[in-house]
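Asks: here is my input; please provide its structure:
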Amino acid sequence: MTAVLNKLGVYWEVGMTQAKARMAYSAWFWASLFVQTVGLLVMVYFWSAVYENQDSIKGQSVQQTLNYIMLARMLSGLTGSGIIQRFGQLLNRGELAIELLRPVDFQFQNLAQALNRWFTDLLMRWQLWVMALVFFHLQLPSDPLAYLYFLISLVLGCIIVFFFEWMIACIVFVTTESWGLNVLKEGVASFLSGALIPLTLMPDWLRTVANFTPFSKAVYVPASFLSGLTPVSDGPRMLLELVLWAVGLCLLSRFIFAKMVKHATIQGG
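Replies: Next up, the predicted model:
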């Protein structure tokens, strides 16, 4: 038990380095604050305009949609862990071998850093919560179970996205190019995660596709619990589904990494 706690303590300290790095640059902090605020305003006024001449779309009221969109904007940064760029940097700098020799699991070390980075980003979006509650009348549920399912699904969704991104990042070992791969992933993730359009308003075939991607697990599923689009009675079933996703992608991502890392070629050698 002590050994397990010591190992978890190591991953916690490794993860905290990412949190400190995110808070270290004040210019980046204020620029991020501005961009997030403008993004929330654009999405709220866009969806208000969509509903201007109608009370509901597919049975969903304007307030339900606005509740969801505001929550989704706060979670929109959870579809990227930065692991694709990190793999590219490690290859370009010739540091991959050093990272693999460290006395901690390479994948879990990066998972700890990603979780701390996401947690820090969520804390840094405090102004969005204030704006949503004060100016746009964000309505939150009164049932404590909705908050519990939100928190658990949020953590599981982030873990699922990380393992999926890990598999995509392994492509860098063959192509040695990470920028284009990351741009493509970000574009697909923004749309299919539900950060721009609620999945409930998508055509049936597109909603089915989005539900089968990991990105919707980090944005749509948690936001739908707090916005009321998903009833709390569905909570246990959806959490079980997320656990299965996480375990399956963890095993698959480790298998793919073990195979693909053999193709890694360090720049210059």
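Asks: in this structure, where is pLDDT below threshold?
Replies: 1, 3-8, 10-26, 266-269 (pLDDT under 70).
Asks: can you map out the strands along it?
Replies: Per DSSP state E, the chain carries strands over the ranges 56-57, 60-61.
Asks: including distance to Trp30, could those go into JSON lines?
Replies: For the C-beta atoms, the positions are set from N, CA and C on the backbone; glycine is no exception. Formatted as JSON lines, those follow (distance: least, Cβ to Cβ, whole Å):
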{"stretch": "strand 56-57", "distance to Trp30": "36"}
{"stretch": "strand 60-61", "distance to Trp30": "35"}
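Asks: ramachandran coordinates for Pro141?
Replies: phi -70, psi 160 (degrees, to the nearest 10).
Asks: that one contacts Ser224, doesn't it?
Replies: No: in this structure Pro141 lies outside contact range of Ser224 using Cβ atoms under 8 Å: 11.2 Å.
Asks: that older thread, can I get the strands of the chain in CSV including distance to Val44 and mean neighbour count?
Replies: Formatted as CSV, the strands of the chain follow (distance: least, Cβ to Cβ, whole Å; neighbours: other Cβ atoms under 10 Å):
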stretch, distance to Val44, mean neighbour count
strand 56-57, 16, 14
strand 60-61, 15, 14
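Asks: give me the most central residue, this structure.
Replies: Leu78 (2.1 Å; Cα atoms, centre = their mean).
Asks: now that one. Nearest residue, chain neighbours left out?
Replies: Ala218 (4.3 Å; Cβ to Cβ, 6 or more residues apart in numbering).
Asks: report the contact partners of Leu75.
Replies: 122, 154, 195, 218-219, 222-223 (Cβ atoms under 8 Å, 6 or more residues apart in numbering).
Asks: distance of it relative to Arg125?
Replies: Applying Cβ to Cβ, to the nearest Å, the value for Leu75 to Arg125 is 9 Å.
Asks: repeat for Leu181
Replies: 27 Å.
Asks: ditto for Trp30
Replies: From Trp30 over to Arg125 the distance is 13 Å, taken as Cβ to Cβ.
Asks: sorry, back to before: more crowded one of Pro141 and Ser224?
Replies: Higher neighbour count among Pro141 and Ser224: Ser224, with 27 against 15, using other Cβ atoms under 10 Å.
Asks: give the contact list for the more buried one.
Replies: Contacts of Ser224 (Cβ under 8 Å, 6+ apart): 68, 230.
Asks: pull the number of nearby residues for Phe135.
Replies: Neighbours of Phe135 (other Cβ under 10 Å): 11.
Asks: phi and psi next, for it.
Replies: phi -100, psi -30.
Asks: same question, Gly82
Replies: Torsion angles, degrees, to the nearest 10, at Gly82: phi 80, psi 10.
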